[in-house]
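Engineer: Quick one, what's the 3D model for this:
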Amino acid sequence: MTAQVARITRVSGPLVQVDGADAAMHDVLELGPYRSPGEVVAVRGSRVTVQAYEYTGGLRPGDAAVPLGHPLAAPLGPWLLGGLFDGLLRPLAGAPVWLDAGSLTAAPADGPARRFAPQVAKGDAAGPGGILGTVAAGGPIEFRVLVPPHVSGRVERVAAPGEYGPGDVLATVGTVPVTMTASWPVRTPRPYLARRAADAPLLTGQRVVDAFFPIAKGGTAAVPGGFGTGKTLLLQQIAKWCDAHVIVYVGCGERGNEMADVVAELSTLDDPRTGGRLLDRTVVIANTSNMPMMAREASIYTGVTVAEFYRDMGYDVVVIADSTSRWAEALREFASRSGTPPAEEGYPADLASALAAFYERAGAVRTLGGGHGSVTIVGAVSPPGGDLTEPVTANTERFVRCRWTLDRDLAYARHYPAVSWSASFSRDTGLIGADYARRADPGWAARRARALDVLADADRIAALADLVGTSGLPAHERMTLLAGRLLRDAVLQQNALVVHDAYCTTAKSAALLEAVLTVCDRCHALVDAGAAPASIEAVDFGPLVRARETLGPGDAGGVAGPRDAVLAQLDAAAAGRTA
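Structural biologist: Below you'll find the predicted structure:
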């Protein structure tokens, strides 16, 4: 049966009008001689309006338009890890200027042969999500061939161990042939059996996150911040050091040079989990600001579809979207072109629904095959002028579990990560605190709460000190100011360029925080005993402050040395003053 051929009647920028097309909303059409892909955004009888995913130069009235009969679907398979793709999941390595739209119809049938190892036998029962075998993908992550959703029955045939191509049938379940590839509509969440409680922390290696505003595996986080506050750097650090199995990095509307830096760094960075390249367990989706707007809108759905694909194999996956503001701007641009009535600041009225549909695809789940997997979503928000009340930021905060607000003043003071301890929050702290209590750190929640109280008191006193001067404050308030400064310099600050400080284990984070609080307690005790605040403030706290950089990432025991040295100095200074 041949596909129906319709005709283009008008081309207006990326909007293309097609007559005679039997297509539904969101269906994909191939436009013109280059088969440029586009998506149906309006239907009026047999006339449809198509938003092209590619540059429309060269298209003209009278050119053919072929409806494919399905919405945009992502080709999924063992080639994803270590790859660089555009917003439609087409490989960018060696790609021509005009990309062939054929990859939009299904997973590619050609490609290198890979070794298949079956895990079932003929006659075995197989249900949705069950593991049929594994394919050698050439990286540290085992690629598992699963029974497709909604398919069940007896294994009628299974291939012998050996080398097979992407289009070769590896098993037949009932009457359904199964290959190592799949295709899934990007705007449709992949099914699972049930959601699980997201109570296990996603360890990022960043102290301000892990110790103060943690995120659970399967949780969501927003990173709002103005230009120059370090959003991309923080997200890159999380991509490098978090304890997820797979990273999906979506560069959505960012500058091309930033994406080039990300790819170059991922290619050269050693993976602390496997010892290989970090890129080998990363999927990079690059849709930079100079790429088509509609592909940018699709890119975050493509990214989360890839994440769900690996989640269904039983892996913990992190999706990093940098940034959702550029994605929302694509929605606004599309709405203005299609004549949709604008809402607040020109964004479409369904902005909140679109954000909710994206973030709700995160979660810790029990997969169809009975295993456990999770998708964690971390999205950057770039509010114009740093205005955190603008629609994208305000609506995003309604749907995320964590907010890591980046503070301009901290960034300009060279305090990185510039995460504000007063404007950030985590709704996962209760569950994560209980998880720590069940394991090895029952004091985690109390230590965090106390440190945040000290920081809040220090901020309040600092505002008063600006008026009356530090010397005019009571002794205890001066010690609180000192405690806040120590917490900021010795714990919250982290240098991504120092080998020992770029990543920090939870044990070292806890040791540093406990050491600073112990020193602060000693400072208060000494002024209670009559020591002059100035003598305490004159002590060299450098050994404790520098411990985060001089000690190894996991050297929690080494923190005792700098702590004891500072305590000895405090006792000596107080004795000399009160003698």
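Engineer: isn't residue 393 right up against residue 380?
Structural biologist: No. The criterion here is C-beta atoms under 8 Å, and residue 393 misses it with residue 380 at 10.8 Å. The way it works is simple: take the backbone N, C-alpha and C, and place the C-beta from them, glycine included.
Engineer: what touches both of these two?
Structural biologist: Jointly contacting residue 393 and residue 380 under the rule C-beta atoms under 8 Å, 6 or more residues apart in numbering are 222, 224.
Engineer: give the contact list for residue 71.
Structural biologist: Residue 71 neighbours (C-beta under 8 Å, 6+ apart): 26, 27, 28, 39, 185, 186, 187, 188.
Engineer: repeat that for 6 Å
Structural biologist: 26, 185 (C-beta atoms under 6 Å, 6 or more residues apart in numbering).
Engineer: For it, which residues count as its bridge partners?
Structural biologist: Each beta-bridge partner of residue 71 is listed here, defined by DSSP bridges: residue 27.
Engineer: Look at residue 294 and give its secondary structure.
Structural biologist: Following DSSP: H, G, I helix; E, B strand; the rest coil, the label given to residue 294 is helix.
Engineer: Next one: it, what pLDDT does it get?
Structural biologist: pLDDT for residue 294: 80.
Engineer: From what I see, it and residue 51 are in contact.
Structural biologist: Yes. When contacts are counted by C-beta atoms under 6 Å, residue 294 is listed as touching residue 51 (4.6 Å).
Engineer: Give me the more crowded residue out of the two.
Structural biologist: residue 294 (27 against 22; other C-beta atoms under 10 Å).
Engineer: quick one: the more buried one from residue 57, how far?
Structural biologist: Applying C-beta to C-beta, to the nearest Å, the value for residue 294 to residue 57 is 15 Å.
Engineer: Could you chop this structure up by domain?
Structural biologist: 1-71, 114-180, 194-427, 444-578 (automatic domain parsing).
Engineer: Packed most tightly, which of those would that be?
Structural biologist: domain 194-427 (a mean of 21; mean count of other C-beta atoms under 10 Å).
Engineer: How far off centre is it?
Structural biologist: 4 Å (C-alpha atoms, centre = their mean, to the nearest Å).
Engineer: which residues does residue 330 contact?
Structural biologist: Taking C-beta under 6 Å, 6+ apart as the test, what residue 330 contacts is 293, 296, 297.
Engineer: need those residues in TSV with distance to residue 249, can you?
Structural biologist: Below are the contacts of residue 330 laid out as TSV (distance: C-beta to C-beta, whole Å):
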residue	distance to residue 249
293	20
296	15
297	18
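Engineer: and of those residues, the nearest to residue 557?
Structural biologist: Closest to residue 557 out of these is residue 296 (48.3 Å), distances taken as C-beta to C-beta.
Engineer: and that closest one, what is it in contact with?
Structural biologist: Contacts of residue 296 (C-beta under 6 Å, 6+ apart): 87, 252, 253, 287, 330.
Engineer: Equivalent analysis for residue 202, please.
Structural biologist: By C-beta under 6 Å, 6+ apart, the neighbours of residue 202 are 215, 217, 242, 376.
Engineer: pLDDT at the closest residue to residue 492 other than its chain neighbours, what is it?
Structural biologist: Closest residue in space to residue 492, ignoring its immediate chain neighbours: residue 208 at 5.0 Å, by C-beta to C-beta, 6 or more residues apart in numbering. Looking at residue 208, its pLDDT stands at 96.
Engineer: which residues of the stretch 51-200 of the chain score low on pLDDT?
Structural biologist: Counting by pLDDT under 70, the stretch 51-200 of the chain has low-confidence residues at 94-110.
Engineer: What are the contacting residues of the helix or strand hosting residue 411?
Structural biologist: Assigned by DSSP states H and E, residue 411 belongs to helix 408-412. Where contact means C-beta under 6 Å, 6+ apart, the residues beyond helix 408-412 that reach it are 226, 229, 230, 386, 418.
Engineer: Out of these, which two are the most distant from each other?
Structural biologist: It's 230 and 386 that sit farthest apart of the contacts of helix 408-412, by C-beta to C-beta, at 12.8 Å.
Engineer: Could you verify that the residue nearest to residue 492 is part of a strand?
Structural biologist: No. Using three-state DSSP, the secondary structure at residue 208 is helix, not a strand.
Engineer: how far away is it from residue 418?
Structural biologist: From residue 208 to residue 418 the distance is 9 Å (C-beta to C-beta).
Engineer: Return the distance of stretch 123-130 from the chain's centre.
Structural biologist: Distance, centroid of stretch 123-130 to centroid of chain: 32 Å (C-alpha atoms, centre = their mean).
Engineer: now for it, what's the gap between its first and last residues?
Structural biologist: End-to-end distance for stretch 123-130: 14 Å, by C-alpha to C-alpha, to the nearest Å.
Engineer: what does stretch 195-207 give?
Structural biologist: Note: stretch 195-207 ends 28 Å apart using C-alpha to C-alpha.
Engineer: so can I have a markdown table of the contacts of helix 408-412 showing pLDDT, secondary structure and distance to residue 131?
Structural biologist: Shown next, in a markdown table, are these (pLDDT from 0 to 100; DSSP: H, G, I helix; E, B strand; the rest coil; distance: C-beta to C-beta, whole Å):
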| residue | pLDDT | secondary structure | distance to residue 131 |
| --- | --- | --- | --- |
| 226 | 87 | coil | 46 |
| 229 | 90 | coil | 44 |
| 230 | 89 | coil | 41 |
| 386 | 83 | helix | 48 |
| 418 | 95 | coil | 44 |
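Engineer: Under a three-state scheme, what state does residue 283 occupy?
Structural biologist: Residue 283 is classified as strand under three-state DSSP.
Engineer: list the contacts for it?
Structural biologist: Applying C-beta under 6 Å, 6+ apart, the residues contacting residue 283 are 80, 248, 306.
Engineer: Any stretches of this structure with poor pLDDT?
Structural biologist: Looking at the chain by pLDDT under 70, you get 1-4, 94-110, 577-579.
Engineer: Pick out the residue nearest the middle of it.
Structural biologist: For the chain, residue 320 is the residue whose C-alpha lies nearest the centre (C-alpha atoms, centre = their mean; 2.2 Å).
Engineer: Distance check, residue 289 against residue 333.
Structural biologist: Taking C-beta to C-beta, one finds residue 289 at 12 Å from residue 333.
Engineer: ugh, wrong one, residue 434
Structural biologist: 45 Å.
Engineer: What of residue 318?
Structural biologist: 28 Å.
Engineer: element containing the residue nearest to residue 557 when sequence neighbours are not counted, please.
Structural biologist: Distances taken as C-beta to C-beta, 6+ apart place residue 511 nearest to residue 557, at 7.5 Å, with adjacent residues excluded. Taking DSSP H and E as the criterion, residue 511 maps to helix 506-528.
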